[in-house]
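Chemist: Would you be able to build a 3D model of this:
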Amino acid sequence: MTLDQLCELETTRRRALWALASHRPGDPNAYELLTILDNLYERERDSRPSLDKPLDLNEVRDRVPVQHHHSGIDIISEQNIPQPWRERFHQASIGSTRLVDGPYAKDWKQFLAEWEAEMRHLQQHRAARRKPGTD
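Modeler: Here you go, the predicted structure:
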């Protein structure tokens, strides 16, 4: 997958996740968003080599060290964030304040916590969709 394709995929995912946040699991109005997210997952899975397993959230968290900047603020280096996580973080933090040397570590940690919550919410929607009488 090219960087442009990854950017497009993650932009679409971010918009769908933000929209899904306003729906309760089982809400029929969320069906279109779930379909979009399912299609993105399939596209992403089909685009990587069969042996190339993406890093999970905890692996990514462990790989990105926090650095104390001379300004007194803790930052991270975007170069330490493996794709597709770097693009996911970028899409989620458009417009955020940062230092020239890197984004604030607190924003990275908040992104990881929010991603975890969004994935739980998405799983609740998927589970509700599979229940009889909720589709």
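Chemist: make it CA atoms for all contacts and neighbour counts henceforth
Modeler: OK.
Chemist: Can you tell me which residue is spatially central in the chain?
Modeler: Geometric centre of the chain, nearest residue: R88, 4.6 Å, by Cα atoms, centre = their mean.
Chemist: Contacts only, for it.
Modeler: 10, 14 (Cα atoms under 8 Å, 6 or more residues apart in numbering).
Chemist: in what helix or strand does it lie?
Modeler: If you go by DSSP states H and E, R88 is part of helix 85-92.
Chemist: With H70 instead?
Modeler: Secondary structure from DSSP H and E places H70 outside every helix and strand.
Chemist: From N29, how far out is it?
Modeler: 48 Å (Cα to Cα, to the nearest Å).
Chemist: Of all the residues in the helix ranked longest in the chain, which ones are buried?
Modeler: If you go by DSSP state H, the chain has its longest helix at helix 105-130. Of all the residues in helix 105-130, those buried under the rule 16 or more other Cα atoms under 10 Å are 105, 107-108, 111-112, 115, 118, 121-122, 125-126, 128-129.
Chemist: That helix versus helix 85-92: what angle between them?
Modeler: Orientation check (axes from the mean of the first three to the mean of the last three Cα atoms, to 10 degrees): helix 105-130 against helix 85-92 gives 90 degrees.
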